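1. Sharing a model prediction with you, sequence too.
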Amino acid sequence: MEATGLKFEFIECLVGGAAYIENGDPLPQEARDVIEESATVLFGAVGHDYAPYGVPRKVLAYLRVEKDAYANVRPLKLYPGINGKHQTHEDVDVVIIRDNSEGTALEHEGYLWEDKGLDKRVITSFGARRISSFAFNYASREGRKRVTCVDLSGWLYGDQLFRRCFLTVAKLMHGVESDCVSVDIAAMMQASDPRAFDLIVTPDMYGDILSGIVIGQIGGVGMAPSACIGDDFAFFEPVHGTAWDIAGRGVANPIASILSARLMLEWLGFGEQARVVEEAVCRVLSEGKIRTSDIGGSSTTSEVGDAIVSYVSDGPPVDAPAAKLVEAEG
């Protein structure tokens, strides 16, 4: 981001498992205060191999639910130079938009007994219409031609409500096609033909599952960025979580985080700089000389980052006001 020539103020906050181990609170008040004062958040991963399961949930519930970043946008594509299942990069380019605030979201916790497990699931007409409207508006703005609602309305009442709300919104939208597909059929279609969908909108859990299929076609989680967007707040994070088996070794793929920062630049209104960042990623991947082991190379995290920075720096410097950001680490 600094290599774009834009001026940012970066404030690093410790949250998640590392913060819990250090001071007993995964979301310290000082981190909340900084987030409230900042333009946006570039988010890391919050799990820890020594921290209880509920620790990262507290941080994510705050960012997704309390801050109401309700739309999780995952633009997933096969970049040039990545040897996925499908060799031509035009073959995989799909956006998955999942609801961040409802369904089996983080504030609707379940229970586990010795012989029984219970998970709550909530879908409201307000939430379903809101995420559907977001998806259609995103499609219109980004030139996507078709929005597909994916659900399991043949089985689940919540999904029946979700589909009805989607169809209500679809009638009001012009210039963007729409259809509905059951999640099991959608999984089959995506696995057999990566070009089956243009943009998918879905309750949260199905979005995770379908993302996994697409991510397997584009080179793995190290290539998967995401944005979590609300009406007044947004944060940006790679789809992947923590990976303690490789922590500290300098071999993790940084591209998902870099592409998430690209989405943040776009959201902040710096479209040209966002384009430069993505072009730099494409150039490094197309050359094939520097890449991490998960996508067929032997380079370190820093080597990949430095190579991308060198291409971003080739762009003209931009004189723009400083924006305050938060980089949250787990």
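-> Nice, thanks for sending it over. Numbering: from 1, shown residues only.
2. make it CA atoms for all contacts and neighbour counts henceforth
-> OK.
3. Confirm that Arg120 lies within a helix, as I assumed.
-> Not Arg; residue 120 is Lys. No: counting by DSSP: H, G, I helix; E, B strand; the rest coil, Lys120 falls outside a helix, being coil.
4. give me phi/psi at it?
-> phi -90, psi 150 (degrees, to the nearest 10).
5. Tally up the residues packed near Ala31, please.
-> Neighbour count of Ala31, defined by other Cα atoms under 10 Å: 17.
6. correct me, but it touches Leu14?
-> Yes: between Ala31 and Leu14 there is a contact under Cα atoms under 8 Å: 7.2 Å.
7. list the contacts for Ser260?
-> By Cα atoms under 8 Å, 6 or more residues apart in numbering, Ser260 lies in contact with 42, 225-227, 236-238.
8. Mark which of the residues you listed are part of strands, please.
-> Applying DSSP state E to the contacts of Ser260, the entries found in strands are 42, 225-227, 236-238.
9. what about the strands in the stretch 1-150 of the chain?
-> With DSSP state E, counting those that start in this stretch applied, the stretch 1-150 of the chain shows strands at 8-14, 40-43, 71-77, 93-99, 111-112, 117-118, 146-151, listed in chain order.
10. for the fourth one, packing partners?
-> Applying 3 or more Cα pairs under 8 Å, 6 or more residues apart in numbering; DSSP states H and E, we find strand 93-99 packed against strand 71-77, helix 125-142, strand 199-202, helix 204-218.
11. Comparing those, which stretch has the densest surroundings?
-> Comparing the helices and strands packed on strand 93-99 by mean neighbour count (mean count of other Cα atoms under 10 Å), strand 199-202 ranks first with a mean of 27.
12. mean confidence for it?
-> Mean pLDDT, computed over strand 199-202, is 98.
13. and of the helices and strands packed on strand 93-99, who's closest to Glu303?
-> helix 204-218 (21.1 Å; Cα to Cα).
14. got the angle between the closest one and strand 71-77?
-> 20 degrees (axes from the mean of the first three to the mean of the last three Cα atoms, to 10 degrees).
15. okay, helix 204-218 in CSV with CA atoms only?
-> Output of helix 204-218 as CSV, limited to C-alpha atoms (Å, rounded to 0.1, in the frame of the first residue of the first chain):
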residue,chain,number,x,y,z
ASP,A,204,-23.3,-17.6,5.4
MET,A,205,-22.6,-21.3,5.7
TYR,A,206,-23.3,-22.2,2.0
GLY,A,207,-21.0,-19.4,1.0
ASP,A,208,-18.2,-20.9,3.0
ILE,A,209,-18.7,-24.3,1.4
LEU,A,210,-19.0,-23.1,-2.2
SER,A,211,-15.9,-20.8,-1.6
GLY,A,212,-14.0,-24.0,-0.7
ILE,A,213,-14.8,-25.5,-4.1
VAL,A,214,-13.7,-22.4,-6.0
ILE,A,215,-10.6,-21.9,-3.9
GLY,A,216,-9.5,-25.4,-4.8
GLN,A,217,-9.7,-24.3,-8.5
ILE,A,218,-7.6,-21.1,-8.1
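16. Need the strands of the stretch 1-150 of the chain in TSV (columns: mean pLDDT and distance to Arg195).
-> Putting the strands of the stretch 1-150 of the chain into TSV (pLDDT from 0 to 100; distance: least, Cα to Cα, whole Å) gives the following:
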stretch	mean pLDDT	distance to Arg195
strand 8-14	92	38
strand 40-43	94	30
strand 71-77	97	11
strand 93-99	97	7
strand 111-112	79	39
strand 117-118	88	36
strand 146-151	98	12
